[in-house]
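> Next comes the sequence, and after it the predicted model I'd like to discuss.
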Amino acid sequence: MQFKPWLIAASFCLVSQAAVAGCYDYTEGGSVAAPVVEICYKDVCDITTLDAVCSSAAYHIETYAIGWVKHCDFTTGQGEATCNITWEGRPVAADRAQFLSCRTISGDMECGLP
């Protein structure tokens, strides 16, 4: 059998397509209404919507309208996801993230915070 480097390259391109993220941006006015959630930090609660969600084999990201973002990385090699939460672009320390709670008010997606 003759070695064909182009066949390996073509195979890599086909396989790598399976890892492309699937995203849905609720702010683009599609036919699906944005899930409505209540996010609480300690005793302060806000009702907001999920703006966008993206997932792949490597990560999962949820972005909420009032500035909360949850980013989970599945490529750490430790068997579990490493998740970080930010609010308005600022990291939320794990000891503070424990005071977050979230519940879905309407929509077909569960709130992922904390």
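Received it, and whenever you're ready, just let me know what you need. Numbering: from 1, shown residues only.

> So for stretch 98-110, what gets flagged as buried?
Applying a neighbour-count criterion of 16 or more other C-beta atoms under 10 Å, one finds Leu100, Cys102, Gly107 buried in stretch 98-110. (Each C-beta comes from the backbone N, C-alpha and C, glycine too.)

> quick one: average pLDDT of that stretch?
Averaging pLDDT along stretch 98-110 yields 94.

> residues making contact with that stretch?
Residues outside stretch 98-110 that contact it (C-beta atoms under 8 Å, 6 or more residues apart in numbering): 33-42, 47, 50, 53, 85, 92, 111-114.

> So how do I select the buried members of the residues you listed in ChimeraX?
ChimeraX command restricting these to the buried ones, with burial defined by 16+ other C-beta under 10 Å:
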select :34,35,37,39,41,50,53,85,92,111,112,113,114
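
> so of the contacts of stretch 98-110, which ones are in strands?
Using DSSP state E, the members of those that fall in strands are Val36, Val37, Glu38, Ile39, Cys40, Tyr41, Ile47, Leu50, Val53, Ile85, Val92.

> ok, these vs Thr27, which is closest?
Leu50 (9.7 Å; C-beta to C-beta).

> how about the most centrally placed residue in the chain, secondary structure?
What sits nearest the mean C-alpha location of the chain, by C-alpha atoms, centre = their mean, is Ile61, with 1.6 Å. Three-state call for Ile61 (DSSP: H, G, I helix; E, B strand; the rest coil): strand.
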